[in-house]
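Asker: fold the following and give me the result.
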Amino acid sequence: MGNKASGKGKKDPTILTDEDLTKLKLNTQYTEEEIQAWHTGFLKDCPSGKLDKKQFLNVYKKFYPEGKADKYCNFVFKAFDTDNNNWIDFTEFLYAVGVSQHGNLEEKLKMAFDIYDQNKDGQINRKDMIKIIEAMYDLANEEDRTGDKAPDKRVDLIMQRLNKDKADVILRHEFIQGCLRDELLRKILAPNTALIPGGQTSPITTTTNVPMNTITTTTTTTTINETGAAV
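Answerer: I've put the predicted structure just below:
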């Protein structure tokens, strides 16, 4: 079982408490043994129990050496950092990986929405979408941003297909329902319904089912499809 944090004050991020373990078992498909193994691997990579933005960015750069990962990494990091303390703890990490590995389509779309919803108010606007599409282009090293591939044109297409031509805001349920019924929207907004363009569920996964080192993996080649989204 997980160890209980002792004493008062803030929880030690290196400790997997019984409460943490129970929540992870209830909210992911991992067994207790798998969770413990993930935790061991996480601490191997992050001895402090904290995955900071710099380390997170370094992981992205390894997977997209030809692109610029900084902007997109910031979006994803902020979505994973659910308590806004500027670092990702083990529980936040495994929740995100669990959704990317085992989540159904709607769960993955909810996570994709969270990447857009940077101020976490349950809605995204045109400006938000333009920024993240630009970040996705940077990540994929896509230089052609003219004509139909221009980020603002992509947003116009998104709004049209969501029947939001005269609106500037998309709510969470509109985003999810629109992507569920429209494959083109999924290609633009949530490529392969994954957290990360490239068809990968996460850059922080392993080749084994029970990982002993969380930040090691193989990668696939990122390409640009007809929508201009990285897939």
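Asker: alpha carbons of the host helix or strand of Ile130, as PDB, please.
Answerer: Using DSSP states H and E, Ile130 sits within helix 126-140. Output of helix 126-140 as PDB, limited to C-alpha atoms (Å, rounded to 0.1, in the frame of the first residue of the first chain):
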ATOM      1  CA  ARG A 126     -11.000  32.500 -31.300                       C
ATOM      2  CA  LYS A 127      -7.800  34.000 -29.900                       C
ATOM      3  CA  ASP A 128      -7.200  30.800 -27.800                       C
ATOM      4  CA  MET A 129      -7.600  28.600 -30.900                       C
ATOM      5  CA  ILE A 130      -5.400  30.700 -33.100                       C
ATOM      6  CA  LYS A 131      -2.600  30.500 -30.500                       C
ATOM      7  CA  ILE A 132      -2.700  26.800 -30.100                       C
ATOM      8  CA  ILE A 133      -3.000  26.100 -33.900                       C
ATOM      9  CA  GLU A 134       0.100  28.300 -34.300                       C
ATOM     10  CA  ALA A 135       1.800  26.300 -31.500                       C
ATOM     11  CA  MET A 136       0.900  23.000 -33.300                       C
ATOM     12  CA  TYR A 137       2.400  24.400 -36.500                       C
ATOM     13  CA  ASP A 138       5.600  25.300 -34.600                       C
ATOM     14  CA  LEU A 139       5.700  21.800 -33.100                       C
ATOM     15  CA  ALA A 140       5.400  20.200 -36.500                       C
END
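Asker: what helices or strands is that helix leaning on?
Answerer: helix 70-80, helix 105-116, helix 151-161 (3 or more C-beta pairs under 8 Å, 6 or more residues apart in numbering; DSSP states H and E). From N, CA and C alone the C-beta is placed, and that goes for glycine too.
Asker: I would like the residues contacting the first one, please.
Answerer: The set of residues that contact helix 70-80 without belonging to it, under C-beta atoms under 8 Å, 6 or more residues apart in numbering, is 53, 56-57, 60, 84, 88, 92-93, 96, 111, 114-118, 131-132, 134-136, 138-139, 195-197.
Asker: now, of the residues you listed, which are buried?
Answerer: 53, 56-57, 60, 88, 92-93, 96, 111, 114-117, 131-132, 134-136, 138-139, 195-197 (16 or more other C-beta atoms under 10 Å).
Asker: now mean pLDDT and distance to Leu16 too, for the helices and strands packed on helix 126-140, in TSV please.
Answerer: Output for the helices and strands packed on helix 126-140, formatted as TSV (pLDDT from 0 to 100; distance: least, C-beta to C-beta, whole Å):
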stretch	mean pLDDT	distance to Leu16
helix 70-80	90	18
helix 105-116	90	23
helix 151-161	90	40
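Asker: okay if I get these as CSV plus distance to Glu174?
Answerer: Converted to CSV, the helices and strands packed on helix 126-140 look like this (distance: least, C-beta to C-beta, whole Å):
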stretch, distance to Glu174
helix 70-80, 18
helix 105-116, 10
helix 151-161, 11
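Asker: quick one: pLDDT of Asn86?
Answerer: We note a pLDDT of 93 for Asn86 in this prediction.
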